[in-house]
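J.: here are the coordinates; sequence isn't available:
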Ligand SMILES: Cc1ncc(COP(=O)(O)O)c(C=O)c1O
């Protein structure tokens, strides 16, 4: 059975070049990067080369890159590393749970959190962030690109507001890395999270940019790894993979591979909207990363659609979360003002570098017929 994977915002396949780069670090070069003998020196050098590559992707110095276990840890380290009891944090209603649940925890330990809203396109208004500032505001944490809609927030404006107010600015760039250019200096952020498995490196590795001079309270206590910002023996193979993936992601922004994905996404989006009645684009009118489209198909259940498409070989997703057995509509789409039925009827298609024109054609063959079939089955649909 043919299978087409259009769920690259969930995770991406490790690219062959990335796998090749990491492979020798499991056996041939297995040393602990903290050891002073040959074996350690070899892996230390590899870790530092990877750090340079990640720094190259986001425009910072290598010494400002801290390797972590992924986007979630990077977000947690940035947020808990700075927030203190009695402080105030500003975030948005459409953040990933790695940020939202960190903020929820902060309120339990004596911090105040303001959640700025988004408009119908999913955009934060910088004026709202400015208005939310208080004398005790310590941190603004607002994502660069949304995982469900791909919407790009006005991070440069937010960076300016943070700098003027002398407040730290963290941005979760997990879904932006490799899809749009990232320059931490242009953004003006103090902290920026990325995750390996969204850029064709393995799951379980990530990085946090920490601007020089930013004092973070570590999450983990142990050895003085990562300049005492993240204790624990480095996951050398995964870090090497992240370095290679960062190099390739950077090259992809200029060599036409990201542009090719953008063409495929636009073509797929247009064709689906043209061929399926009572469907529409979520976040239309906002700047988005080039690989993501989020579409509602009125009168269907997103979960049923994901399962039906999977049975035909197409992997996509909804932003819905299953909590205590009930399917909750996506907090991102409801924050944008979609009624719960429409949020539940929404599907995210996210492309990757490995996808082809044929993959898009496959989706275009199965999506309209599946929507029609599900609507026919629906006892309430009369269209
Ligand atoms: C925007 C965003 N932030 C954070 C994360 C968490 O990253 P990780 O899976 O590496 O922990 C994700 C993963 O889906 C994400 O999309």
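T.: Received it, and whenever you're ready, just let me know what you need. No experiment lies behind these values; they were computed from the predicted model shown. Numbers count the residues shown, from 1 in each chain.
J.: check contacts around the residue of the chain found nearest the ligand.
T.: Of all residues in the chain, residue 71 sits closest to the ligand, at 2.4 Å by CB to the nearest ligand atom. In this view, the C-beta of every residue, glycine as well, is placed from N, C-alpha and C. By CB atoms under 8 Å, 6 or more residues apart in numbering, the contact list for residue 71 reads 96, 98, 172, 174, 193, 194, 195, 198, 206.
J.: just these: which are in strands?
T.: Those of the contacts of residue 71 mapping onto strands are 172, 193, 194, 195, 206, per DSSP state E.
J.: so residue 374 is in which element?
T.: Counting by DSSP states H and E, the element that carries residue 374 is helix 357-377.
J.: brain fart, residue 306
T.: helix 302-311.
J.: who does the helix or strand following that helix pair with, and is each partner parallel or antiparallel?
T.: On the C-terminal side of helix 302-311, the closest following helix or strand by DSSP H and E is strand 314-315. The pairing partners recorded for strand 314-315 under DSSP bridges are strand 4-5 (parallel).
J.: who touches the helix holding residue 306?
T.: 297, 315-318, 320, 327, 344-347, 366-367, 370-371, 373-374.
J.: again with stretch 110-121
T.: 83-94, 103-104, 106-107, 124-125, 128-129, 132, 134, 136, 142, 151, 283-286, 335-337.
J.: buried only: go through the residues you listed for me.
T.: Buried by 16 or more other CB atoms under 10 Å: 83, 87-94, 103, 106, 124, 129, 132, 142, 151, 283-284, 286, 335-336, out of the contacts of stretch 110-121.
J.: thinking again about what came up before, pull out the buried positions in the helix holding residue 306.
T.: Buried, per 16+ other CB under 10 Å, within helix 302-311: 302, 304, 305, 306, 308, 309.
J.: likewise stretch 361-375?
T.: So stretch 361-375, judged by 16+ other CB under 10 Å, has buried residues 362, 363, 366, 367, 368, 370, 371, 374, 375.
J.: okay, now residue 376: neighbour count?
T.: 9 (other CB atoms under 10 Å).
J.: for the nearest residue to residue 128 once chain neighbours are set aside, the count of nearby residues, please.
T.: Spatially, and ignoring its direct neighbours in sequence, residue 128 is nearest to residue 116 (4.4 Å; CB to CB, 6 or more residues apart in numbering). For residue 116, the tally of surrounding residues (other CB under 10 Å) stands at 21.
J.: let me know whether residue 77 touches residue 217 as I believe.
T.: No - the pair residue 77 / residue 217 is not scored as a contact, 9.0 Å apart, by CB atoms under 8 Å.
J.: more neighbours: which of those two?
T.: residue 77 (28 against 11).
J.: contacts only, for that one.
T.: Counted by CB under 8 Å, 6+ apart, residue 77 has contacts 66, 68, 208, 216, 218, 219, 229, 230.
J.: let's see if you can find the most crowded of those residues.
T.: The contacts of residue 77, ranked by neighbours (other CB under 10 Å): first place residue 68, 29 neighbours.
J.: bridging residues for that residue?
T.: With DSSP bridges as the rule, residue 68 is bridged to residue 206.
J.: around the ligand, which positions in the stretch 1-150 of the chain sit nearby?
T.: Within the stretch 1-150 of the chain, the residues that sit near the ligand (CB under 6 Å from any ligand atom) are 70, 71, 72, 75, 96, 98, 143, 147.
J.: including distance to residue 253, secondary structure and pLDDT, could the residues you listed go into JSON lines?
T.: Shown next, in JSON lines, are these (distance: CB to CB, whole Å; DSSP: H, G, I helix; E, B strand; the rest coil; pLDDT from 0 to 100):
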{"residue": "70", "distance to residue 253": "22", "secondary structure": "coil", "pLDDT": "98"}
{"residue": "71", "distance to residue 253": "20", "secondary structure": "helix", "pLDDT": "98"}
{"residue": "72", "distance to residue 253": "25", "secondary structure": "helix", "pLDDT": "98"}
{"residue": "75", "distance to residue 253": "23", "secondary structure": "helix", "pLDDT": "98"}
{"residue": "96", "distance to residue 253": "23", "secondary structure": "coil", "pLDDT": "98"}
{"residue": "98", "distance to residue 253": "25", "secondary structure": "helix", "pLDDT": "98"}
{"residue": "143", "distance to residue 253": "19", "secondary structure": "coil", "pLDDT": "98"}
{"residue": "147", "distance to residue 253": "19", "secondary structure": "coil", "pLDDT": "98"}
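J.: by neighbours, which of those wins?
T.: Highest count within those by other CB under 10 Å belongs to residue 75, 31 neighbours.
J.: what about that residue, distance to residue 139?
T.: According to CB to CB, to the nearest Å, residue 75 stands 12 Å off from residue 139.
J.: mutual contacts of the two, please.
T.: By CB under 8 Å, 6+ apart, the residues touching both residue 75 and residue 139 are residue 170.
J.: which intervals of this protein have sub-threshold pLDDT?
T.: 320-325 (pLDDT under 70).
J.: all helices of it, in order?
T.: 16-22, 38-58, 71-82, 97-108, 126-132, 155-165, 184-187, 225-228, 236-254, 257-275, 302-311, 331-335, 340-344, 357-377 (DSSP state H).
J.: just say which of those helices is most tucked in.
T.: helix 71-82 (a mean of 25; mean count of other CB atoms under 10 Å).
J.: and the angle for that helix with helix 97-108?
T.: Counting by axes from the mean of the first three to the mean of the last three CA atoms, to 10 degrees, helix 71-82 lies at 30 degrees to helix 97-108.
J.: from here on, call the first residue 700.
T.: All set: I'll call the first residue 700, so the last point we hit is now helix 770-781.
J.: how far does helix 770-781 sit from its chain's centre?
T.: On the basis of CA atoms, centre = their mean, to the nearest Å, helix 770-781 sits 14 Å off its chain's mean C-alpha point.
J.: ditto for stretch 867-880
T.: With CA atoms, centre = their mean, you get 7 Å for stretch 867-880.
J.: okay, how far is it across that stretch, tip to tip?
T.: The straight-line separation of the ends of stretch 867-880 (CA to CA, to the nearest Å) is 22 Å.
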